[in-house]
Each structure stands twice: as structure tokens, then as C-alpha cells.
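Novice: Structural data only, the sequence is not supplied:
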């Protein structure tokens, strides 16, 4: 989606504000400004080890976390729907780090059925996660949360336009050096995320419909042709492809087709 001149002007103004960030005491202001720009209720800067699930997090607003749910988060944090896509990006050493949208990975109804939503994040309707960097299995990421509705493509693209400025600004700070940071350690007995063996990548989770769409893409069909063959609307086909691109961080149809060559690990959202 093309951003308007007003959108780009707002991104530029925000980019200028990131130049003043020199230490982690200024990070809450950075997160607050980003929340206003994109349109979120809360933001978190996270340093997360995707294998052990050890996490250091700086939330904004600083008082938004209910201490009563922190033990449940320590137990259930590893089940967050965005952890698997982040793990795949870490394994791929992906150079292009685009925002990940929770609603692209898991339909709203299924998100609401998770224990993480019920016990820890009952008011969260959608999230946008921007991975800033990977060092081994550790990612540094900013996550925006919303308590009403879903993030739009425009809001996702605004966050993407800020990515490099955020990467540089956050890179100047030292994680966990101030009292505002919170440390989460997985509960005893929590299984770490599986690491890809022998240099392989985690197999993608594709629904039956997504595999049908990709099979026809592999044959060279256009969205309109796929829609006719499957009895769908072209817009629905495009939505399936966009979800695949976002969830698996692929850039085009050719890269998406390669996902068919890897055995699926489970049933994905239709």
C-alpha cells in the first residue's frame, strides 16, 4: 500500500525525534511517539532468546502490566503466535525484516481461544511486531498492541517505514541498563522452542487452502485464474498470498512456491 505525502511527512518527523535517543532512559519516549504515529495503545521493546525464551522487556506505558498476570506470562509466553515466525526468521538469517501482524498469523477467533489471550492478554485484539535485529537466536523487536480492532495495511507500512530509524536508535542503547526493564524467565518445565537441525529451517505451517493456492501459483496461474479454478474471489486469493508472504517473510510468488517443498508441521489457519 502506498503511503500518502502526509504519512511520509509524519514518518520523517518521527525519524528526526529518534536522533535524540542516546540511552535507554529515552526509550519510553521513543515507544510513546511510535504508538501515537502508528495508532496503538501500548508498545514493548523486547530482547528475546527464541530458544530459551528468556526475555528482557521495556513496556510503555510503564505501568500497563498487571503484576498478577506476570507468572502466567512466564508460563505461556513461549506459546505466543508470533514466536514461530520470529524463530523462522532467525533460522533464515533474513535480511529483510518486515513487520509481523498477529491477525495475519492467527484469526481473531482462534487468538481469543488461546490461554495466552484469556489469562494474560484478554484486552489485546491485535499486535504488530517489528524485528529490528537478530544475533544468533536472540532478537531485538518492538511490538505494538491494540485493544480494539486490527492494524491496517497502512499502519503496518508506516511502522515498516520507521524500521531503519528505530534500528539505529535502539542500537545506540544498552539493553536492561535501567530500572524500567523487566526480566522474564520461562517457568520450570517449559519446553524451549525447537531449533532447526543441520542448518535446516522450520517447516512452514500452511493450511490446506494455502497449499492449493500455492500449487496453482506454481503452475503459473494468475490470481484471477486461481480464483476461477477454486471457486473463490480474486481478492480472496490475494489475501491468502499476502498472509503467506507476511507469515513466512517471502517477497514474491517464486519464494512462496518453495514453501511447498517443505513438509508442513501442522495445520495452519485457513
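Specialist: Nice, I can see it. Predicted, not measured: the structure shown is a model, and the values here were computed from it.
Novice: which residues are contacting stretch 41-49?
Specialist: Stretch 41-49 has contacts (Cβ atoms under 8 Å, 6 or more residues apart in numbering) with 27, 31-32, 34-35, 54-61, 64, 86, 137-147, 170, 175-176. Placement of C-beta: from N, CA and C, glycine included.
Novice: Could you give me the buried positions within it?
Specialist: If you call a residue buried by 16 or more other Cβ atoms under 10 Å, then stretch 41-49 has these buried ones: 42-49.
Novice: What mean pLDDT does it get?
Specialist: Per-residue pLDDT values across stretch 41-49 average out to 94.
Novice: Okay, now the unreliable bits of the stretch 151-270 of the chain?
Specialist: Low-confidence segments of the stretch 151-270 of the chain, defined by pLDDT under 70, are located at 175-179, 187-205, 261-270.
Novice: which non-adjacent residue is nearest residue 111?
Specialist: Once flanking residues are discounted, residue 111 sits nearest to residue 117: 5.6 Å by Cβ to Cβ, 6 or more residues apart in numbering.
Novice: Count the neighbours of that neighbour for me.
Specialist: A total of 20 residues lie near residue 117 under the criterion other Cβ atoms under 10 Å.
Novice: With the one 3 residues further on instead?
Specialist: Burial of residue 120, expressed as a neighbour count using other Cβ under 10 Å, amounts to 22.
Novice: If you count neighbours, what's buried in the helix or strand containing residue 257?
Specialist: Residue 257 is part of helix 253-257, with elements assigned from DSSP states H and E. Buried residues in helix 253-257, counted by 16+ other Cβ under 10 Å: 253, 256-257.
Novice: Stretch 52-68 now?
Specialist: 53, 55-60, 65.
Novice: Nearest to residue 240, out of these: which one, please.
Specialist: Comparing these against residue 240 with Cβ to Cβ picks out residue 53 as the nearest, at 30.6 Å.
Novice: now residue 32, nearest residue through space, not along the chain?
Specialist: If you skip the residues right next to it in sequence, residue 32 has residue 60 as its closest partner in space, 5.6 Å away by Cβ to Cβ, 6+ apart.
Novice: wait, what's in contact with the one you found?
Specialist: The contact partners of residue 60, taken as Cβ under 8 Å, 6+ apart, are 28, 31-32, 35, 42-44.
Novice: now do 7 Å
Specialist: If a contact means Cβ atoms under 7 Å, 6 or more residues apart in numbering, then residue 60 has 28, 31-32, 35, 42-43 as its contacts.
Novice: In terms of pLDDT, where does residue 7 sit?
Specialist: With respect to pLDDT, residue 7 has a value of 95.
Novice: I'd like to know how many residues surround it.
Specialist: Burial of residue 7 is recorded as 17 neighbouring residues (other Cβ under 10 Å).
Novice: Need the three-state assignment for it.
Specialist: helix (DSSP: H, G, I helix; E, B strand; the rest coil).
Novice: could you list every residue that touches it?
Specialist: Shown here is residue 7, whose contacts under the criterion Cβ under 7 Å, 6+ apart are residue 158.
Novice: can you rerun that using 8 Å?
Specialist: With Cβ under 8 Å, 6+ apart, residue 7 has these contacts: 154, 158, 161.
Novice: just checking, residue 18 touches residue 30?
Specialist: Yes - contact status for residue 18 versus residue 30: in contact at 6.4 Å, counting by Cβ atoms under 8 Å.
Novice: Please enumerate the shared neighbours of the two.
Specialist: Contact with both residue 18 and residue 30 is made by residues 166, 169, according to Cβ under 8 Å, 6+ apart.
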